[in-house]
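Trainee: Starting from these lines, generate the structure:
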Amino acid sequence: MAGDQYDRLGGETGGDGGARLGNLAQFRGAAGDDFLGGPRVRELEDAWARQVGLQYAVAFNSRTSGLQACIGAVRVEPGDELTVPSLSMSASVTYVVMNGGFPVFADVESDSLCVDPEVVEAPTISRPRAIVVVHLFGRPAAMDRLMTIAT
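Mentor: As a prediction, this is how the structure comes out:
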């Protein structure tokens, strides 16, 4: 295609420089007005916060980035135990360990493949600092039960 239809990163652009292939963020790797994703990302965050009844929402570029922020937000200290599902990607454990925590694996439910609240609640698992929940393959974890256990 013609050179002016594509920006330097290979994405199709319109005359105003805005992405046309569904790119939400405008961030190009340098601090500036678009460092936090640009106005479309901020609009998404505001709309999501309103939708779920919260004051703020933060969009991340990946589950891994979001998980890193969540583990940091609970202020994991060296030696803290966090319950993690036994079936998940490596980041579910990596960020626990990177923050000095100790992962305690919990089996998953056979129907949802998400962490099993019965196992988390079992006396063989100590009271964790946090429960890392992964909604796997489009199947939600039993959040009501897990939230009850966590509080």
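Trainee: So in the protein, which helix runs the longest?
Mentor: Longest helix in the chain by number of residues (criterion: DSSP state H): helix 39-52.
Trainee: need the strands for the chain, in chain order.
Mentor: 81-85, 102-106, 130-131 (DSSP state E).
Trainee: Without its sequence neighbours, what residue ends up closest to residue 111?
Mentor: residue 139 (8.0 Å; CB to CB, 6 or more residues apart in numbering). From N, CA and C alone the C-beta is placed, and that goes for glycine too.
Trainee: roughly how far apart are the residue nearest to residue 78 when sequence neighbours are not counted and residue 150?
Mentor: Leaving aside its chain neighbours, residue 78 sits nearest to residue 100 (3.5 Å; criterion: CB to CB, 6+ apart). According to CB to CB, to the nearest Å, residue 100 stands 20 Å off from residue 150.
Trainee: mind listing what the residue nearest to residue 111 touches?
Mentor: The contact partners of residue 139, taken as CB atoms under 8 Å, 6 or more residues apart in numbering, are 111-114.
Trainee: what's the neighbour count on residue 128?
Mentor: Per other CB atoms under 10 Å, the neighbour tally for residue 128 reads 20.
Trainee: Next, the contact list for it, please.
Mentor: Residue 128 makes contact with 80-83, 104, 120, according to CB under 8 Å, 6+ apart.
Trainee: partner residues bridging residue 131?
Mentor: residue 83 (DSSP bridges).
Trainee: Tell me the predicted confidence for it.
Mentor: Per-residue pLDDT puts residue 131 at 91.
Trainee: Make residue 1 into 828 and carry on from there
Mentor: All right, first residue 828 from here; so that's residue 958.
Trainee: so it sits right up against residue 901, yeah?
Mentor: No: checked against CB atoms under 8 Å, the pair residue 958 and residue 901 is beyond contact range at 10.1 Å.
Trainee: So, low pLDDT: which residues of the protein?
Mentor: The model of the chain has pLDDT under 70 over residues 828-863, 950-953.
Trainee: Let me see the ranges of the helices in it.
Mentor: With DSSP H, the ranges of helices along the chain come out as 866-879, 890-900, 918-925, 944-948, 970-977.
Trainee: what does the last one rub up against?
Mentor: Contacts of helix 970-977 with the rest of the structure, by CB under 8 Å, 6+ apart, involve 942, 944, 947-948, 957-958, 960.
Trainee: Report the buried members of these.
Mentor: Burial by neighbour count, 16 or more other CB atoms under 10 Å: within the contacts of helix 970-977 this picks out 942, 944, 947, 957-958, 960.
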